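J.: sequence below, structure please.
(one chain, ligands or ions: 2)
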Amino acid sequence: MDFNFTPDQLDLQKMVKDFVAKEITPHALEMDKDGVVPADLWKKLDEAGLLNLTVPEEYDGPGLDALSIALIYEELGKGCAGVATTTAANALASYPVVLLGTDEQKRKMFDVLNNGKLAAFALTEPGAGSDAGAVATTAVKDGEDYILNGTKCFITNGGIAEIYIIFANTRKTAGIRGLTAFIVDRGTPGFTVGKEEEKMGIRASNTCELVLDNVRIPATNRIGREGEGFKIAMKTLDAARPFVGAVSVGLAQAAFELAVKYSKERVQFDKPIASFQLVQAMLADMAMQIEAARLLVYKACWLKDQGVDYTKESAIAKCFAADTAMKVTVDAVQVLGGYGYSKEYPAEKYMRDAKIMQIYEGTNQIQRLVIANNILY
Ligand code: CAA
Ligand code: FAD
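T.: Ligands and ions are numbered 1, 2, ... in the order given. The predicted structure follows:
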């Protein structure tokens, strides 16, 4: 593994760092309070080229490798994990099409992303969370169309996307082997947005229920073959989980930097609290964990870029980095004491935002199952 970034990667990292410092960090607390990303920030994210990161060059996208994308999400995670999640959901939703889409499907999906609009990846249902193979939404073939019925829940960008990847079962009795992936456009008759979740953290991101009531779509919107959906979903999650890791690393880094700065400024017993060894131990643990998490994220992305199997490393990166974000943000609140618990400082937001990293894109229990399966079988 090469630890040197290319000049292009360094330029990209710097560009996003500057963008985040100017356009995201100053507004993060406001977005957390309002629970929304302002329209003008979408425009700026689009102009900065941050909404179509996975689009290949031949479809007018940036054609970035996974490591470069991770560097971008790390910077976005420093500014606001809610904004980072919204943009990362575009990458997540694009992968089924990147992996197996036809030329027509690629043009359709990438045109949306290249034009600053959003996409959503809808796998989860009320009865199918960790057990993704239990999807109950059905897709029944009717001539040259499919008719979809069911309910999806907890879908990032659900209320604001233009294009959706919907997983449905085309053979009810086949379980996992009946799962099939489809593209559904916003506004298709029978396709409606249900309730929006009121969340603990990543409040700038939009999370909604989706209802499919006799939604008719052309068979040309099916991605891959019937029954191929579960593998498409798993391969997509392999590709996207390191980006959750990258957002987690950025989030942890921001909390760490706040804790370091505060510990040097805050005086108790006539000394900066940074001079107390018990505080130093917390800062040292934070530094160690962040460094390890960052390297695991980079390694998973590097393996993907080498074109070799990386399912285990993807799960390791997501799991370790998410646990790191949780631990580091809890300790950052501790270093700030009562001020950490107050909304006067962003430490409590970092802590609330960190929790979801251990839950979405597969809980950290599920990541441990994936890791164990790859070790044992
Ligand atoms: N790549 C390719 N194929 C894979 C695979 C992978 N990574 N993982 C599994 N498969 C294949 C297996 O080889 C197997 O194929 P065969 O039957 O042909 O041998 C098939 O899929 C079934 O595999 P398992 O027996 O391992 O399946 P399982 O039912 O035990 O489930 C699981 C495995 C890992 C628990 C899976 O259900 C899972 O990942 N659950 C978590 C769901 C999840 O991550 N949801 C995230 C939703 S998106 C989101 O959250 C986005 C957001 O917040 C923004
Ligand atoms: P459950 O599966 O019911 O799990 C409950 C608990 O049981 C967890 O601790 C879990 O680890 C544990 N558990 C379950 N099974 C096992 C097992 N076999 N072994 C050990 N422990 C187990 N989904 C999408 O499809 N698209 C999205 O864009 C999306 N965005 C999301 C955004 C937010 C803010 C949230 C909260 C969720 C989002 N999700 C999305 C759904 C997310 O992926 C699921 O919440 C997650 O996979 C867990 O499913 P669940 O909530 O049903 O929990």
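
J.: SS state for Leu51?
T.: coil (DSSP: H, G, I helix; E, B strand; the rest coil).

J.: and the nearest residue to Asp142 once chain neighbours are set aside, how far from Glu196?
T.: Of all residues not flanking Asp142 in the chain, Arg216 sits nearest, at 7.4 Å (CB to CB, 6 or more residues apart in numbering). For every residue, glycine as well, the C-beta is placed using N, CA and C. According to CB to CB, to the nearest Å, Arg216 stands 26 Å off from Glu196.

J.: then Thr188?
T.: For Thr188, the distance to Glu196 (CB to CB) stands at 20 Å.

J.: next one: Ile223
T.: Counting by CB to CB, the gap from Ile223 to Glu196 is 27 Å.

J.: which of these two has more neighbours?
T.: Between Ile223 and Glu196, counted using other CB atoms under 10 Å, the more crowded position is Ile223 (22 against 14).

J.: quick one: contacts for the residue lying closest to the more buried one once chain neighbours are set aside?
T.: Spatial nearest neighbour of Ile223, excluding adjacent residues (CB to CB, 6+ apart): Ala181 at 4.2 Å. Each residue near Ala181 by CB atoms under 8 Å, 6 or more residues apart in numbering is listed here: 96, 165-167, 222-224, 228-229, 232-233.

J.: now do Ala204
T.: Ala204 makes contact with 28, 31-32, 35-37, 80, 82-83, 86, according to CB under 8 Å, 6+ apart.

J.: restricted to helices, list those residues.
T.: 28, 31-32, 82-83, 86 (DSSP state H).

J.: tell me what the residue nearest to Ile223 is bridged to.
T.: Phe167, Ile223 (DSSP bridges).

J.: what is the neighbour count of Lys199?
T.: Neighbour tally, Lys199, other CB under 10 Å: 18.

J.: near ligand 2 at all, stretch 85-105?
T.: Yes - judged by CB under 6 Å from any ligand atom, stretch 85-105 and ligand 2 are in contact via Ala89.

J.: now do the same for that stretch: mean pLDDT, whole number.
T.: Stretch 85-105 comes out with an average pLDDT of 97.

J.: is it anywhere near ligand 1?
T.: Yes - using CB under 6 Å from any ligand atom, stretch 85-105 comes into contact with ligand 1 via 85, 89, 92.

J.: between the residues you listed, which is nearest ligand 2?
T.: Proximity of these to ligand 2, judged by CB to the nearest ligand atom, is greatest for Ala89, which lies at 5.5 Å.

J.: and the closest one, what helix or strand is that in?
T.: helix 81-100 (DSSP states H and E).

J.: immediately after that helix, which helix or strand?
T.: Downstream of helix 81-100, the first helix or strand assigned by DSSP H and E is helix 103-114.

J.: so which residues make contact with that following helix?
T.: Identification of contacts with helix 103-114 by CB under 8 Å, 6+ apart yields 51-52, 54-56, 59-61, 90, 93-94, 97-98, 101, 118-119, 162-163, 183, 220-221, 223.

J.: got a ChimeraX select line for the buried ones in the residues you listed?
T.: Selection of buried members from those for ChimeraX, criterion 16 or more other CB atoms under 10 Å:
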select :51,52,54,55,59,61,90,93,94,97,98,101,118,119,162,163,183,221,223
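
J.: next up, the contacts around Ala28.
T.: 79-80, 82-83, 204, 346, 349.
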